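Novice: the following block contains a protein sequence and its predicted model.
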Amino acid sequence: MTPFRHRLPRFWRDLTPLDVVALCVLVCGMVVIAVGASGGAFSYGKFLALLAALYLAYRLLVWGRANLLWSLRSRLIVAYVFIAVVPILLLCSLAIRSAEILYSQLGAYLLSEDINRRVQITADITEHIAAAETTLPLGVTEEESERILKAQSHAVHDSELPGLTIEFSNDPVLLRKIPPAGRKEFAGLLQQGETLAIVSLREIQTSRGMRVIRLRIPVSPELLRTVAPDLGAIQLNLMQGTTGQSRGVVYSSGGMQYEATGRIVARNRTLQEPMLLDRILPINVVSRLDSAYIGRDGSIDPVRPVLVVFNARPSRLNAKIFSSLGELRDTYLIAFVLVGLAFLLIEAAALATGIVLTLRITRAVNELYGATQFVQRGDFTHRVRVERRDQLGMLGESFNQMTGSISGLIEEQKQRQRLENEISIAREVQDQLFPRKLPEIPGLQLHAICKAARSVSGDYYDFIQLTPTHIAIAIADISGKGISAALLMASLQAALRSQVLVNGSEKMSTAELVSRLNLHMVRNTADDRFATFFVAVYDCESRVLRYTNAGHLPAFVICKDLALNLEEGGMVLGIMEDYCYQEGSTVVPPGALFVGYSDGLVEPENVYGEEFGIRRLRQAAVHVQNESPQKVAESLMAAAEEWAGTPEQADDMTVIVARLH
């Protein structure tokens with residue numbers, strides 16, 4: 001496994017020319033953004049920097065997937081991040097955002113409720129004045145009644161409504177424009193130019209005629225200082241309509257666009273000292289109040305927004321929320337803290353469990369990977385440490401068993417390879433035992449084919465020229481197959497050649513020759529090993545064929561319709577030490593064909609279990625008797641293989657053919 005510190009330098013080496021260009025463009029774009037340059041060329045450069053950033057992000061993602069996520073541990077970490085960490089972060093973000101919305105709404109509600117309460121107070125004062133007007137004596141003048149009513153109202157509400165003014169007039173124009181049609185009273189915020197006030201208007205009928213009562217409280221820094229004491233700094237932004245290009249922030253409402261024309265900032269208001277929650281969750285809110293608007297030209301706008309900007313401490317808002325719980329507030333808070341601590345403990349335990357399981361999994365996989373590196377280098381002695389009997393432990397144990405099996409198989413393969421090499425050498429040695437060059441004797445044509453069932457053969461044939469006119473023809477079949485039969489065949493070949501390659505051997509009886517070979521076999525082989533053997537000595541001048549058949553399948557001589565089996569001899573070699581063999585003799589007619597064979601040539605069976613047999617072999621030889629010895633031998637081999645219908649051999653197949661002219 002390549003560590004990350006070794007992979008990081010490869011990142012720089014793997015950069016393509018396009019990556020380098022994109023990196024340079026991104027750096028230039030960041031420089032342009034940092035210095036704050038503007039203009040067409042710089043804007044185009046920023047756009048190219050954005051494209052370069054997207055391209056480099058894609059390339060980094062591909063590189064990270066191929067390198068950083070190469071190991072299982074990195075993949076598990078990424079999986080845990082997406083499965084556990086990301087959802088928790090999203091839930092925390094959602095909770096924080098929800099808390100921000102809740103606290104913002106609560107702060108806006110407190111501010112709006114306090115303003116509306118003061119509006120209601122002014123409306124109540126107006127109603128009180130209207131009711132008091134009807135109780136005054138008839139002799140009281142207008143000036144005295146207004147003074148009395150103002151004095152009563154100021155005495156009660158000056159502390160809560162700073163700057164309160166009470167006016168009486170006979171002009172109902174304003175009252176006709178602001179409230180909805182048919183109403184004779186109004187209470188709310190009224191913006192006139194760049195001033196904002198809480199205004200209450202009411203029309204009353206007096207003994208002196210129709211009168212309009214007007215109460216006005218300017219929304220000033222002094223008034224805002226007393227509004228919603230649980231909030232922090234407060235600022236009101238007065239708005240005016242705009243249709244052209246604005247120099248500030250544009251606010252859209254009801255299909256209209258507004259911009260700030262003035263501001264009112266609360267005096268001597270600051271945030272309280274922060275607590276832990278306040279540092280995590282700062283509250284900064286922008287809300288809206290509705291006001292009526294009277295322009296300098298006398299135009300009326302029944303609804304003109306007033307933007308309110310304020311901040312607050314969540315701890316103060318919490319105190320406001322839980323104030324209704326009374327003495328139970330601390331109990332609820334303690335229960336909430338305990339639940340939070342329990343949640344943190346469970347999360348910590350789950351995290352620790354996940355880390356431990358991850359380390360166990362990755363450690364097991366790393367050990368398996370390291371073990372595969374040993375196997376790749378050809379070291380099959382390395383074993384994986386098995387600590388637990390779980391699935392990973394069983395996997396490690398299976399790997400250890402596999403490497404042990406592979407080691408054993410490799411050792412067996414080496415032994416098999418050595419054996420095959422030895423067999424190959426034995427095959428080469430055996431090939432040297434067969435005649436490499438056929439004798440050339442006038443009036444005689446020879447050919448032989450030997451197909452081994454295995455790498456080496458237990459069949460044996462030989463052509464040995466004794467004199468210019470005499471030749472010995474031998475064929476044998478050693479019991480068994482493979483190496484042991486081949487070794488016994490080599491011993492028989494050596495013994496045969498040692499007997500016939502001496503002067504005068506052409507006059508030796510074939511029965512005497514076979515007796516000597518039998519004695520050799522009995523004394524030099526195990527009791528369960530034997531060989532069938534056929535040997536013939538042919539004299540080209542006299543055309544006499546002397547032979548001895550030691551338990552071998554009878555060779556035959558065919559000439560036109562005449563067929564002669566060569567069966568004279570005795571039992572197989574290697575069984576009885578003092579066995580007396582017989583010699584057979586025949587005069588061969590001109591043009592006769594001699595055929596010798598092993599049992600592997602007549603024993604192949606067809607699909608019905610029928611053997612090819614000697615009779616079919618002789619018929620096949622008669623059919624091609626006029627051909628050359630090579631074609632006769634090949635034809636007989638092909639006939640036996642065709643009868644079996646399969647290229648596999650159950651036994652060694654040997655055939656020798658001699659044309660005796």
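Specialist: Received, thanks. Remember, it's a predicted structure, so these values are computed and weren't measured experimentally.

Novice: right, and residue 632 touches residue 624 too?
Specialist: Yes: Residue 632 is in contact with residue 624 according to C-beta atoms under 8 Å; the separation is 5.2 Å. Quick note: C-beta positions are derived from backbone N, CA and C, even for glycine.

Novice: check which helix or strand the spatially closest residue to residue 130 that is not a sequence neighbour maps to.
Specialist: The shortest distance from residue 130 to any residue that is not its chain neighbour, by C-beta to C-beta, 6 or more residues apart in numbering, is 4.5 Å, and that residue is residue 204. Mapping residue 204 onto the secondary structure by DSSP states H and E places it in strand 195-206.

Novice: which parts of the stretch 151-300 of the chain are helices?
Specialist: When assigned using DSSP state H, counting those that start in this stretch, the helices of the stretch 151-300 of the chain occupy the ranges 173-177, 221-226, 276-280.

Novice: elements contacting the strand holding residue 204?
Specialist: Contacting strand 195-206 under the criterion 3 or more C-beta pairs under 8 Å, 6 or more residues apart in numbering; DSSP states H and E are the following elements: helix 86-133, helix 173-177, strand 185-192, strand 209-218.

Novice: in that strand, which residues are buried?
Specialist: 196-204 (16 or more other C-beta atoms under 10 Å).

Novice: who's residue 198 bridged to?
Specialist: Beta-bridge partners for residue 198, by DSSP bridges, are residue 189, residue 217.

Novice: what about it, distance to residue 474?
Specialist: The span separating residue 198 from residue 474 equals 139 Å under the rule C-beta to C-beta, to the nearest Å.

Novice: okay, now the unreliable bits of the protein?
Specialist: Along the chain, segments meeting pLDDT under 70 span 1-14, 36-42, 64-70, 133-160, 181-182, 207-208, 243-248, 324-330.

Novice: just checking, residue 654 touches residue 458?
Specialist: No: distance between residue 654 and residue 458: 9.6 Å, which falls outside the contact criterion (C-beta under 8 Å).

Novice: list residues touching both of these two?
Specialist: Among the neighbours of residue 654, those also in contact with residue 458 (C-beta atoms under 8 Å, 6 or more residues apart in numbering) are residue 477.

Novice: coming back round to it: just the residues contacting the strand holding residue 204, thanks.
Specialist: For strand 195-206, contacts defined as C-beta under 8 Å, 6+ apart pick out 115, 118-119, 122-123, 125-127, 129-130, 133-134, 161, 172, 174-175, 178-179, 184-190, 210-219, 236, 238, 264, 291, 306.

Novice: burial of residue 346, as a residue count?
Specialist: Residue crowding around residue 346 was assessed by other C-beta atoms under 10 Å; the count is 10.

Novice: which element is it on?
Specialist: helix 329-376.

Novice: just give me how far the next helix or strand along the chain from that helix sits from the chain centre.
Specialist: Following the chain from helix 329-376 toward its C-terminal end, the next helix or strand by DSSP H and E is helix 391-433. Relative to the chain's own centre, helix 391-433 is displaced by 35 Å; criterion: C-alpha atoms, centre = their mean, to the nearest Å.

Novice: can you tell me the helix or strand for the residue most central in space within the chain?
Specialist: Nearest to the mean C-alpha position of the chain, by C-alpha atoms, centre = their mean, lies residue 75 at 9.2 Å. When secondary structure is defined by DSSP H and E, residue 75 falls within helix 72-80.

Novice: list the buried residues in that helix.
Specialist: For helix 72-80, the buried set under the neighbour-count rule, 16+ other C-beta under 10 Å, comprises 72-73, 76-77.

Novice: for it, C-alpha coordinates in CSV please.
Specialist: C-alpha atoms of helix 72-80 as CSV (Å, rounded to 0.1, in the frame of the first residue of the first chain):
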residue,chain,number,x,y,z
LEU,A,72,-10.2,0.2,2.1
ARG,A,73,-9.6,2.4,5.2
SER,A,74,-10.1,5.6,3.2
ARG,A,75,-13.2,4.2,1.6
LEU,A,76,-14.7,3.3,4.9
ILE,A,77,-13.9,6.7,6.3
VAL,A,78,-15.5,8.4,3.4
ALA,A,79,-18.5,6.0,3.7
TYR,A,80,-18.8,6.8,7.4
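
Novice: packing partners of that helix?
Specialist: In terms of contacts (3+ C-beta pairs under 8 Å, 6+ apart), helix 72-80 is packed against helix 329-376.

Novice: just want the angle from the helix it packs on to helix 391-433.
Specialist: For the pair helix 329-376 and helix 391-433, the angle between their directions (axes from the mean of the first three to the mean of the last three C-alpha atoms, to 10 degrees) equals 10 degrees.

Novice: check which helices and strands helix 329-376 sits against.
Specialist: Contacts defined by 3+ C-beta pairs under 8 Å, 6+ apart place helix 329-376 against helix 72-80, helix 391-433.

Novice: mind doing that once more with 6 Å?
Specialist: helix 72-80 (3 or more C-beta pairs under 6 Å, 6 or more residues apart in numbering; DSSP states H and E).

Novice: so how far is the helix it packs on from its chain's centroid?
Specialist: On the basis of C-alpha atoms, centre = their mean, helix 72-80 sits 12 Å off its chain's mean C-alpha point.

Novice: report the angle between it and helix 86-133.
Specialist: Computed by the same axes, to 10 degrees, the angle between helix 72-80 and helix 86-133 is 20 degrees.

Novice: so what's residue 538 closest to, chain neighbours aside?
Specialist: Nearest-residue entry for residue 538: residue 545, 5.0 Å, with adjacent residues in sequence omitted and distances by C-beta to C-beta, 6+ apart.

Novice: and the helices in the stretch 451-600 of the chain?
Specialist: Secondary structure of the stretch 451-600 of the chain (DSSP H, counting those that start in this stretch): helices at 482-500, 510-524.

Novice: using PDB, write out the CA atom coordinates for the shortest one.
Specialist: Coordinates of each C-alpha in helix 510-524 appear next as PDB, following Å, rounded to 0.1, in the frame of the first residue of the first chain:
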ATOM      1  CA  THR A 510      16.300 -69.300 -32.400                       C
ATOM      2  CA  ALA A 511      15.200 -71.700 -29.700                       C
ATOM      3  CA  GLU A 512      18.600 -71.500 -28.100                       C
ATOM      4  CA  LEU A 513      18.600 -67.700 -28.400                       C
ATOM      5  CA  VAL A 514      15.200 -67.500 -26.700                       C
ATOM      6  CA  SER A 515      16.200 -69.900 -23.900                       C
ATOM      7  CA  ARG A 516      19.200 -67.700 -23.100                       C
ATOM      8  CA  LEU A 517      17.000 -64.600 -23.000                       C
ATOM      9  CA  ASN A 518      14.500 -66.400 -20.800                       C
ATOM     10  CA  LEU A 519      17.300 -67.300 -18.400                       C
ATOM     11  CA  HIS A 520      18.400 -63.700 -18.300                       C
ATOM     12  CA  MET A 521      14.800 -62.500 -17.600                       C
ATOM     13  CA  VAL A 522      14.300 -65.100 -14.800                       C
ATOM     14  CA  ARG A 523      17.500 -64.200 -13.000                       C
ATOM     15  CA  ASN A 524      17.300 -60.400 -13.400                       C
END
